[in-house]
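> predicted model and sequence below, questions to follow.
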Amino acid sequence: MRLILNGKKADLPEVRNAVTAQRDQGPIEVRVTWEGGDMARLVSEALNEGCTRLVVGGGDGSVNEMVSALMTYPREQRPPLAILPLGTANDFAAACALPLDPDEALALAREGRPRPVDVGSANERFFLNVASGGFGARVTATTPEALKNFLGGGAYTLNGLLQALSFEPYQGRLLTPEGSLENRILVGAVCNGRQAGGGQPLAPNALLDDGLLDFVGLSAFGPQDLPQVLSELESPAPDNEFVIWMRLPWAEYQAEDPMPMNLDGEPLEAVPIRFQCHPGALDLILPQACPCLGG
Ligand SMILES: Nc1ncnc2c1ncn2[C@@H]1O[C@H](COP(=O)(O)OP(=O)(O)OP(=O)(O)O)[C@@H](O)[C@H]1O
C-alpha cells in the first residue's frame, strides 16, 4: 500500500503515529508532494512500480489531483484508491462517512473493499465530488446564506433569498439528453458527491454509483415569485420552475459568457462546458455503511 501525502500535512504527529502504528499490520510506503503537479508524477511512479493500492492523504483538493491523475490511465490500470482525509472541510470524505481519524482511515484503507464509483468531468477536467457554478463557485463569507444553503434543506433564510433578488443571473442554456433548457441561473452545482463548501448539502441524495450526476440550481426570480420559490425549496420536484433538480448522465452548458465554476475547489471558467458522468470509473475504498452508495 502506498500513501501519497500532501506535503502540507506530512509533519502532523497524528499522521506519523498512524503510519507507524499501521506498519505493524503490513508495509506502507509514503511519498510526499512538495507542490502542484507532484501528484501526477508520484502516481505515475507508483503505477510503474506495480502498486496495487493507493491512499491519498490531504483535503478535497488533493483527492481531486489524485483522481485527475488516475483518470489519465486506462480503467484497468487504475488501482483501488483510499482516502486519508486531512483537509479543513473534507466534504467528500464527510458525506461518505469516511473515518476522519488517521488510524481508522488507514485501517480502512488496508482492509476495506474497493467499490466502483462514478467520476465527473467538466470539459477535460475531472471532479469526484462537486462542480459548483455561479455564485456558488465563489462561496465566501459575504455570500448570502440563502445562496450558500439554498438546497440545504431549510438552512436558507427569507432575508437571504431577498438578497438574491439583487444578483445578476447567468443567462445560458442547458442541453441535456432530455432536451434543452433556457435559463437565467443564480447558482448551480453538478454533484457526484453530496456536499461542498464546508458542509453545504447540495445534493443530499446523490449516489456515487448510479452512473448519473445530480444537477441542482436556482433560477433567477422576482419578488412576486418568492412564495413559489419557497414552496419549491420545501418540496423539490423535477417540474419545478425555479429550483432545478435533475439526474443526468451528461449535460452541456452553453452561454455567451463563461460562468465561473469550481471543481472540487479548483477554478474553471469556460463556455461551453460539457459535464459528463464516467460510470464506475474508479475503485474507491469506502466504509461498509457509506450512505452514498446505492448498489
Ligand atoms: N507541500 C505542499 N505545500 C503546500 N501546498 C501543496 C503541497 N503539495 C501540494 N500542494 C497543493 O495543495 C493543494 C491541495 O491541498 P488540499 O487537498 O489540502 O487542499 P484543500 O482541499 O484546499 O485542503 P484544505 O481543506 O486543508 O484547505 C493543491 O493545490 C496542491 O498543489
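Yep, that arrived. Numbering: from 1, shown residues only.

> CA only for contacts and neighbour counts going forward, please
Fine.

> so which bits of stretch 98-110 are buried?
98, 99, 100, 102, 103, 105, 106, 107, 108, 109, 110 (16 or more other C-alpha atoms under 10 Å).

> list the contacts of the second one.
Meaning residue 99. 85, 93, 105 (C-alpha atoms under 8 Å, 6 or more residues apart in numbering).

> apply 7 Å and report the result again.
Residue 99 makes contact with residue 105 under the criterion C-alpha atoms under 7 Å, 6 or more residues apart in numbering.

> next: the fourth one.
For residue 102, the contacting residues are 14, 15, 18, 84, taking C-alpha under 7 Å, 6+ apart as the criterion.

> now which of those residues would you call buried?
Using 16+ other C-alpha under 10 Å, the buried members of those are 15, 18, 84.

> now the residues you listed in CSV, with secondary structure and distance to the ligand?
Shown next, in CSV, are these (DSSP: H, G, I helix; E, B strand; the rest coil; distance: C-alpha to the nearest ligand atom, whole Å):
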residue, secondary structure, distance to the ligand
15, helix, 14
18, helix, 18
84, strand, 11
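
> ok, now which ones touch whichever residue of the stretch 151-295 of the chain sits closest to the ligand?
Closest to the ligand within the stretch 151-295 of the chain is residue 265: 6.5 Å, counting by C-alpha to the nearest ligand atom. Shown in contact with residue 265 (C-alpha under 7 Å, 6+ apart): residue 61.

> domain map for the chain?
2-112, 125-277 (automatic domain parsing).

> got the end-to-end distance for the last one?
From the first residue to the last, domain 125-277 extends over 12 Å; the measure is C-alpha to C-alpha, to the nearest Å.

> and what of the first one?
As for domain 2-112, its first-to-last residue distance stands at 15 Å under the measure C-alpha to C-alpha.

> quick thing: my sequence starts at 13, can you match it?
From this message on, residue numbering opens at 13, which makes the last subject domain 14-124.

> near the ligand, which residues of the protein show up?
Taking C-alpha under 6 Å from any ligand atom as the contact definition, the chain meets the ligand at 18-20, 45-48, 70-74, 99-101.

> just the ones in helices from these, please.
Secondary structure assignment (DSSP state H) places 72, 73, 74 from the residues of the chain next to the ligand within helices.

> just among those, which is most surrounded?
Using other C-alpha atoms under 10 Å as the neighbour test, these are led by residue 72, with 28 neighbours.

> residues in contact with that one?
Residue 72 touches 99, 102, 103, 104, 276, counting by C-alpha under 7 Å, 6+ apart.

> rerun at 6 Å
Residue 72 is in contact with residue 102, counting by C-alpha atoms under 6 Å, 6 or more residues apart in numbering.

> residues near residue 24, how many?
Other residues close to residue 24 by other C-alpha under 10 Å number 11.

> and the helices in this structure, which stretches?
In the chain, the helices defined using DSSP H lie at 25-34, 50-60, 72-82, 103-107, 114-123, 157-161, 170-176, 238-246.

> adding distance to residue 220, write these out as a markdown table.
Below are the helices of the chain laid out as a markdown table (distance: least, C-alpha to C-alpha, whole Å):
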| stretch | distance to residue 220 |
| --- | --- |
| helix 25-34 | 27 |
| helix 50-60 | 23 |
| helix 72-82 | 14 |
| helix 103-107 | 11 |
| helix 114-123 | 18 |
| helix 157-161 | 22 |
| helix 170-176 | 30 |
| helix 238-246 | 24 |
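
> do you know the pLDDT at residue 274?
Predicted confidence (pLDDT) for residue 274: 85.

> partner residues bridging it?
For residue 274, the beta-bridge partners under DSSP bridges are residue 144, residue 279.

> alright, calling it a day.
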